[in-house]
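Engineer: Any chance you could fold what I've pasted below:
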Amino acid sequence: MNKALPSEEPPRLVEETTRLGEEASRPGEEANPAFEVAGGAMPPLPEHPVPLLLNTRAGSLFRSGLRKWLSAHEGYFRLISSDSPEQMSRQALDLAERGEPVVAAAGGDGTLKTVARGLLDTPTALGILPSGTMNVFARELGIGSRRFDIALEAIMGQTRKKVDIFTVNGEPFLQMAGFGPDARVVELITPNMKRFLGAASHLITALRVATEHHAVITLALPGGEEIIGTQLILGNGKRYGGEARLFADAACDDGLLDAVMIQQESMGIVIEIISSMMQLGGTNRNTSQATQFCQLQEGVISAESKLAYQLDGDYVGTLRPTEEAIIAKLPSPLTVCAPEHPIPATAIGRILAHPAVIALKERLSRLRDI
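Structural biologist: Numbering: from 1, shown residues only. Here you go, the predicted model:
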């Protein structure tokens, strides 16, 4: 089974015994408008609650409204607390080996990656309660960000999606990887910045990174082709950074990883290029001469000086000039719980599909019938 997990200690499950609803709300805890499915139609309670891995001390539980939502939806999940990413991966693997059909994770893209790592090469599906900052992978699947109503429908439903898994030096990622300035930004962002500034912390930190020297990156492809630049982004789907689409033609189940290399020394221009690509939906047809796209299943990344890299929004490490990052595709895909009715891709569609809007339309319809 999964041989990539550390083996220093045996898998250990730690179930949360304190009901989240019994604690007083924390200052700054947000209400989530998606506590109920429009019309009040909730999935039936499962015979056996779905195991839900989460860090009960994480601030995102409160900021996202997930804590209150879980208290209002008792019976659907069995909460299992994790103290570290390594423990969370081991817990996921242990649950899969026990035959759990679904293991759910609450958090952002980094947490989903951690749990998915334990589910590789198993038939167990990953369930998603997106309570992070960006929630890019959940958006890609049509679950949306902090839309716990749709997430519950997906977990309790029967729709399953097979997602390609790629690795960098053996470490899997679900949605995206970055080498260069974007990873350096992720490296410098502190938990306090995330807590108080949210997504704005990325822009503020980017201003600092703009003053730094950026390494020249080489992406070596099978067959001898080399692509050179200063910012490399890999995408296993369309989205990069929230709802914005960086790879217009990408899919998480097409067997290919999309990549773009930006060939520009100026950080300001790099940001401008990425912003333009996300607005247009980046393809080879609508980007500048400073970008080069390709699709791959494997490759080798190196740099002439220190190169930071991130996977699914988590800083992983820094390559030294003598080191390489090996990109590879795993032979078996990951099974993921997907919604039967994904959130529409357009902004107006997402607004019209929101439970609050649907509920309002239903009330207006009933008033017209009176």
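Engineer: How much space separates the residue nearest the centre of the chain from residue 204?
Structural biologist: Centroid-nearest residue in the chain: residue 109, 2.7 Å away (criterion: C-alpha atoms, centre = their mean). With the distance defined as C-beta to C-beta, to the nearest Å, residue 109 ends up 20 Å from residue 204. Just so you know, the C-beta spots here come from the backbone N, C-alpha and C atoms, and that holds for glycine as well.
Engineer: on that earlier part again, burial of the closest residue to the residue nearest to the centre of the chain other than its chain neighbours, as a residue count?
Structural biologist: With C-beta to C-beta, 6 or more residues apart in numbering as the measure, residue 312 is the residue that lies nearest to residue 109, at 4.1 Å, once sequence neighbours are left out. Other residues near residue 312 number 27, with proximity taken as other C-beta atoms under 10 Å.
Engineer: Residue 312: what's it in contact with?
Structural biologist: 109, 110, 112, 113, 136, 137, 173, 174, 175, 176, 177 (C-beta atoms under 8 Å, 6 or more residues apart in numbering).
Engineer: Out of these, which two are the most distant from each other?
Structural biologist: For the contacts of residue 312, the farthest-apart pair by C-beta to C-beta is 112 and 177; their separation is 14.3 Å.
Engineer: Do a quick rundown of the strands in the stretch 251-370 of the chain.
Structural biologist: 257-262, 291-296, 299-303, 307-311, 314-319, 325-329, 334-337 (DSSP state E, counting those that start in this stretch).
Engineer: how about those, which one is nearest residue 53?
Structural biologist: For the strands of the stretch 251-370 of the chain, the distance to residue 53 is smallest for strand 334-337, at 14.0 Å, taking C-beta to C-beta.
Engineer: mind checking how far that closest one is from the chain centre?
Structural biologist: Distance, stretch centre to chain centre, for strand 334-337: 13 Å (C-alpha atoms, centre = their mean, to the nearest Å).
Engineer: so where is this protein shaky, pLDDT-wise?
Structural biologist: Low-confidence segments of the chain, defined by pLDDT under 70, are located at 1-40, 59-62, 265-288, 345-370.
Engineer: need the contact list for residue 232.
Structural biologist: So residue 232 contacts 178, 179, 180, 217, 219, 259, 260, 261, 262, 301 (C-beta under 8 Å, 6+ apart).
Engineer: and it, what helix or strand is that in?
Structural biologist: Taking DSSP states H and E as the criterion, residue 232 maps to strand 231-235.
Engineer: now the angle from that strand to strand 299-303?
Structural biologist: Per axes from the mean of the first three to the mean of the last three C-alpha atoms, to 10 degrees, the angle that strand 231-235 makes with strand 299-303 is 150 degrees.
Engineer: isn't residue 327 right next to residue 294, touching?
Structural biologist: No. Counting by C-beta atoms under 8 Å, residue 327 stays clear of residue 294, with 11.6 Å between them.
Engineer: what separates residue 316 from residue 307, distance-wise?
Structural biologist: To residue 307, residue 316 is 11 Å away according to C-beta to C-beta.
Engineer: what do these two both touch?
Structural biologist: Common contacts of residue 316 and residue 307 (C-beta under 8 Å, 6+ apart): residue 183.
Engineer: Looks like residue 106 contacts residue 129 (just checking).
Structural biologist: Yes. Residue 106 lies in contact with residue 129 (C-beta under 8 Å); the separation is 4.2 Å.
Engineer: any shared contact partners between the two?
Structural biologist: Here residue 106 and residue 129 share the contacting residues 52, 54, 66, scored by C-beta under 8 Å, 6+ apart.
Engineer: Any idea what the second one is bridged to?
Structural biologist: For residue 54, the residues forming beta bridges with it (DSSP bridges) are residue 81.
Engineer: OK, contacts around it?
Structural biologist: When contacts are counted by C-beta under 8 Å, 6+ apart, residue 54 is found next to 61, 79, 80, 81, 82, 105, 106, 107, 111, 129.
Engineer: just the buried members of those residues?
Structural biologist: 61, 79, 80, 81, 82, 105, 106, 107, 111, 129 (16 or more other C-beta atoms under 10 Å).
Engineer: Let me have those residues in JSON lines, adding distance to residue 332 as columns.
Structural biologist: Rendered in JSON lines, the data for these read as follows (distance: C-beta to C-beta, whole Å):
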{"residue": "61", "distance to residue 332": "32"}
{"residue": "79", "distance to residue 332": "29"}
{"residue": "80", "distance to residue 332": "25"}
{"residue": "81", "distance to residue 332": "29"}
{"residue": "82", "distance to residue 332": "24"}
{"residue": "105", "distance to residue 332": "19"}
{"residue": "106", "distance to residue 332": "25"}
{"residue": "107", "distance to residue 332": "24"}
{"residue": "111", "distance to residue 332": "22"}
{"residue": "129", "distance to residue 332": "24"}
